[in-house]
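J.: please find the sequence and the predicted model below.
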Amino acid sequence: MADVKKIAVIDGDGIGPEVVAEALKVMKKTEEIFGYRFETEHGLFGGIAIDEKGTPLPQETLEMCKKSDAVLLGAVGGPKWDNNSKELRPETGLLAIRKELGLFSNIRPAVIFDCLKDASTLKPEVLEGTDLIVVRELTGGIYFGEKFRREGANGLEAVDTCVYNVMEIERIARQAFEIAQTRSKRLASVDKANVLETSRLWRETVIRISADYPDVELEHILVDNCAMQLLRRPSSFDVIVTENMFGDILSDEAAMLTGSIGMLSSASLGEGAFGLYEPVHGSAPDIAGQGISNPIATVLSVALMFRLTFGYHDAAEAIERAVKEVLDAGHRTGDIAVDKSKAIGTTAMGDLIVAAIRKNPK
Ligand code: NAD
């Protein structure tokens, strides 16, 4: 029998609890079918934690996460807390939890479901077969460098410094190579090595590390070219690895290829197998409590957790296949429905996915 995996569950705010509930149903079904075992514990985080505990990240929630093998997070935030002081904002909790858990990379898959090709702004024939992952370095680079203003010869100047060290580049490169090894074994490393010194160190380091992964084909691509190629030939990419700011921009661009924010999963990883998994979308306060949110992003985040943290590829595949099957059968939540009058609710979508999960494909 499989060992018990501990999962810290953070429902959060807005639609967070609704979408997490569906993801947990999916997880339970995989226990029944594949014999995996999960032990879940819920913790307060975000706006609800501010209301009940006076801080967005209570110590007990952090301890719970540190004791677990993976974290499943819904979403946090909402207008109720938007005007709070910085330390009493849900977003401050998000930055703190990533730092406290040592999460240095952010992984975002962008997969085109054939039946949703029309939801994208790109032509269906350009999108055909797109299935890529952006691996973004999360804790270094220009967002974390020294920032200051000064008086220059022409008046006020602002300075943002971009720093990367070899260790930071090596660890994210290894993670990306390892992810590529589980897929089509192609890695595109994105930089701006023609002008930036940090990018030249990035490229040198990635090349050196590539010697340990001879089965992965490595390509270097300048960030401006990558931004263009993602729109021109998205299906030619498999895994893309890049530094923090380039990754911030490119992962949003890649996300938009799919056309709907309700479909996008993500992972933040640290050393080892531990990871925090969450949908890319926020707490959607405009539709919270109505039972109409799309749970697929959170369900696919569970599949990502199974792959990246637990190596449960069979269960991950079964979940992804079930989602595809339900979509192919024409079921849609409001955000992805063409005919909104036929849209189904959050629970109905979850139930259909659960019912479609099976060990062996039809
Ligand atoms: P959002 O992603 O919450 O919503 C944007 C739009 O997409 C809304 O119209 C919403 O209804 C829709 N949408 C999002 N997810 C959906 C789903 N699963 N199903 C159907 N429709 C969905 O972004 P926002 O409105 O900019 O932010 C709302 C709050 O969420 C803010 O407080 C923001 O700070 C927070 N936020 C949190 C996270 C996170 O927890 N990681 C990420 C982004 C935003």
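T.: Yep, that arrived.

J.: switch to C-alpha atoms for all contacts and neighbour counts from now on
T.: Fine.

J.: Tyr36 against Lys28, yeah?
T.: No: judged on Cα atoms under 8 Å, Tyr36 makes no contact with Lys28 at a distance of 9.0 Å.

J.: contact residues of this structure facing the ligand?
T.: Within the chain, the positions adjacent to the ligand are 75-78, 261-262, 281-287, 293-295, 335 by Cα under 6 Å from any ligand atom.

J.: for the nearest residue to Lys117 once chain neighbours are set aside, grab phi and psi.
T.: Using Cα to Cα, 6 or more residues apart in numbering and skipping the chain neighbours, the partner closest in space to Lys117 is Pro124 (5.5 Å). Main-chain dihedrals, Pro124, degrees, to the nearest 10: phi -50, psi -40.

J.: for Pro124, give me the pLDDT.
T.: Looking at Pro124, its pLDDT is 90.

J.: pull the number of nearby residues for it.
T.: 15 (other Cα atoms under 10 Å).

J.: just checking, it touches Leu116?
T.: No: applying Cα under 8 Å as the test, Pro124 and Leu116 come out as separate, 9.2 Å apart.

J.: pull up the pairing partners for the host helix or strand of Ala267, direction included.
T.: Using DSSP states H and E, Ala267 sits within strand 265-269. Using DSSP bridges, strand 265-269 pairs in its sheet with strand 105-111 (antiparallel), strand 275-279 (antiparallel).

J.: okay, helices next: where are they in the stretch 201-350 of the chain?
T.: For the stretch 201-350 of the chain, helices defined by DSSP state H, counting those that start in this stretch occupy the ranges 223-232, 244-257, 296-305, 313-328, 346-356.

J.: could you do the stretch 1-150 of the chain as well?
T.: 16-34, 47-53, 59-66, 90-100, 124-127.

J.: can you dump the C-alpha atoms of the shortest one in CSV for me?
T.: This file holds the C-alpha atoms of helix 124-127, laid out as CSV (Å, rounded to 0.1, in the frame of the first residue of the first chain):
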residue,chain,number,x,y,z
PRO,A,124,-6.8,27.3,-34.1
GLU,A,125,-4.2,26.0,-36.6
VAL,A,126,-1.4,28.0,-34.9
LEU,A,127,-2.4,26.5,-31.5
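
J.: where's it relative to the chain centroid, distance-wise?
T.: On the basis of Cα atoms, centre = their mean, to the nearest Å, helix 124-127 is displaced by 23 Å from the centre of the chain it belongs to.

J.: buried ones in that helix?
T.: Leu127 (16 or more other Cα atoms under 10 Å).

J.: what's the answer for the second one, then?
T.: For helix 47-53, burial by neighbour count (16+ other Cα under 10 Å) applies to 47-50.

J.: repeat for the third one
T.: By 16+ other Cα under 10 Å, the buried positions in helix 59-66 come out as 61-62, 64-65.

J.: residue contacts, Phe148?
T.: Contacts of Phe148 were listed using Cα atoms under 8 Å, 6 or more residues apart in numbering, and they are 158-160.

J.: just the ones of those in strands?
T.: Mapping those onto strands (DSSP state E) picks out 158-160.

J.: and these, which is closest to Ser236?
T.: Using Cα to Cα, Asp160 comes nearest to Ser236 of these, at 33.9 Å.

J.: I'd like to know how far the closest residue to that closest one other than its chain neighbours sits from Ile207.
T.: Using Cα to Cα, 6+ apart and skipping the chain neighbours, the partner closest in space to Asp160 is Lys147 (4.6 Å). Note on Lys147: its distance to Ile207, by Cα to Cα, to the nearest Å, is 30 Å.

J.: before we move on, back to that, winner for burial among the helices of the stretch 201-350 of the chain?
T.: Most buried of the helices of the stretch 201-350 of the chain, by mean neighbour count (mean count of other Cα atoms under 10 Å): helix 296-305, with a mean of 28.

J.: contacts for it, please.
T.: 19-20, 22-23, 26-27, 70, 72, 74, 261-267, 275, 277-280, 315-317, 319-320, 323, 350.

J.: quick one: it to chain centroid distance?
T.: Chain-centre distance of helix 296-305: 9 Å, with Cα atoms, centre = their mean.

J.: over to stretch 212-227?
T.: Using Cα atoms, centre = their mean, the offset of stretch 212-227 from its chain centre is 21 Å.

J.: touching it from outside, list them.
T.: Residues contacting stretch 212-227 (Cα under 8 Å, 6+ apart): 177, 180-181, 185-193, 203, 210, 246, 250, 253.

J.: please redo it, this time with the cut-off set to 10 Å
T.: With Cα atoms under 10 Å, 6 or more residues apart in numbering as the test, stretch 212-227 has contacts from 174, 177-178, 180-181, 183-194, 199, 203, 206-207, 210, 229, 232-234, 237, 239-242, 246-247, 249-251, 253-254.

J.: pull the CA atoms of it into CSV?
T.: Below are the C-alpha coordinates for stretch 212-227, written out as CSV (Å, rounded to 0.1, in the frame of the first residue of the first chain):
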residue,chain,number,x,y,z
ASP,A,212,24.4,16.3,-16.8
TYR,A,213,21.3,15.9,-18.9
PRO,A,214,22.6,14.7,-22.3
ASP,A,215,19.1,13.3,-23.2
VAL,A,216,17.6,16.8,-23.2
GLU,A,217,17.9,18.9,-26.3
LEU,A,218,18.8,22.5,-25.2
GLU,A,219,18.0,25.6,-27.2
HIS,A,220,18.9,29.2,-26.2
ILE,A,221,16.5,31.9,-27.3
LEU,A,222,16.6,35.7,-26.6
VAL,A,223,13.6,36.9,-24.7
ASP,A,224,12.2,39.3,-27.4
ASN,A,225,12.4,36.5,-29.9
CYS,A,226,10.7,34.1,-27.5
ALA,A,227,7.8,36.5,-27.0
